[in-house]
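K.L.:
everything below, folded, please.
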Amino acid sequence: MQLSTKELLYVDDILSMQQNMTKTLNDFATRCQDPQLKALCQNLADRCQNNFNSLLKHLS
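P.N.:
Numbers count the residues shown, from 1 in each chain. Here you go, the predicted model:
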């Protein structure tokens with residue numbers, strides 16, 4: 001299946017957002033003092049990274 005230019009730009013935006021959220025949440029996790037909040041941030045960062053990897057896999 002061939003994606004249009006507009007669709008490719010949309011996918012690129014999503015990949016960028018997933019990368020940014022992963023970095024931000026990892027940063028929050030390292031700064032958190034509360035163990036539950038730290039674990040939540042780390043879990044969300046892992047999920048964002050998994051989403052990023054999954055999207056890349058489907059595009060390859």
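
K.L.:
so how far is the lengthiest helix in the chain off the chain centroid?
P.N.:
Looking across the chain with DSSP state H, the single longest helix is helix 5-31. Centre-to-centre, helix 5-31 and its host chain are 5 Å apart (CA atoms, centre = their mean, to the nearest Å).

K.L.:
please apply the same query to stretch 47-56.
P.N.:
Distance, centroid of stretch 47-56 to centroid of chain: 6 Å (CA atoms, centre = their mean).

K.L.:
buried residues in it?
P.N.:
Neighbour-count burial for stretch 47-56, counted by 16 or more other CB atoms under 10 Å, picks out 48, 49, 51, 52. In short, each C-beta sits where N, CA and C put it, glycine included.

K.L.:
list the residues that contact the first one.
P.N.:
What that stands for is residue 48. Going by CB atoms under 8 Å, 6 or more residues apart in numbering, residue 48 touches 18, 21, 22, 25.

K.L.:
so it, which state does it fall into?
P.N.:
helix (DSSP: H, G, I helix; E, B strand; the rest coil).

K.L.:
for residue 21, the count of nearby residues, please.
P.N.:
Applying other CB atoms under 10 Å, we find 17 residues neighbouring residue 21.

K.L.:
which non-adjacent residue is nearest it?
P.N.:
residue 48 (4.5 Å; CB to CB, 6 or more residues apart in numbering).

K.L.:
quick one: the one you found from residue 18, how far?
P.N.:
Applying CB to CB, to the nearest Å, the value for residue 48 to residue 18 is 5 Å.

K.L.:
check residue 25 too.
P.N.:
11 Å.

K.L.:
thinking again about what came up before, pLDDT at the residue nearest to residue 21, what is it?
P.N.:
We have a pLDDT of 96 for residue 48.
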